[in-house]
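>>> What follows is a protein structure lacking sequence information:
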């Protein structure tokens with residue numbers, strides 16, 4: 001089964017970039033690395049709080065991305081289960 005997909009940030013595909021490449025991409029676009037954390041199950045989290053994004057690396061490769069939303073008092077967000 002071929003599960004070809006890509007996620008693009010700032011016009012660049014991010015899956016395939018290593019942690020250094022991700023950090024450089026975010027810094028180039030005005031976001032500073034906020035925090036990193038090595039999890040006991042083997043993943044490493046890299047966070048850019050101003051961009052509301054956490055990126056998770058496994059064995060040095062990008063494995064998943066968690067996106068946040070910028071809060072807006074006039075908006076209502078519904079997240080179905």
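Arrived safely, thanks for sending. All values derive from a computational prediction rather than experimental measurement.
>>> beta partners for the residue nearest the centre of the chain?
Nearest to the geometric centre of the chain sits residue 55, at 3.3 Å (C-alpha atoms, centre = their mean). Bridge pairing for residue 55 (DSSP bridges) gives the partners residue 46, residue 65.
>>> Contacts for whichever strand or helix holds residue 24, please.
For residue 24, the enclosing helix or strand under DSSP states H and E is helix 19-28. Outside helix 19-28, the residues within contact range by C-beta atoms under 8 Å, 6 or more residues apart in numbering are 9-10, 12, 14, 17, 32-33, 44, 46, 48, 51, 55, 57, 60, 62. From N, CA and C alone the C-beta is placed, and that goes for glycine too.
>>> next one: stretch 41-49 to chain centre, how far?
The chain centroid and the centroid of stretch 41-49 are separated by 9 Å under C-alpha atoms, centre = their mean, to the nearest Å.
>>> Now do the buried residues in it.
For stretch 41-49, the neighbour count (16 or more other C-beta atoms under 10 Å) marks 44, 46, 47, 48 as buried.
>>> How much space separates the residue lying closest to the last one once chain neighbours are set aside from residue 45?
Ranked by C-beta to C-beta, 6 or more residues apart in numbering and with sequence neighbours excluded, the top spatial neighbour of residue 48 is residue 31, at 4.6 Å. Computed with C-beta to C-beta, to the nearest Å, the distance linking residue 31 and residue 45 is 15 Å.
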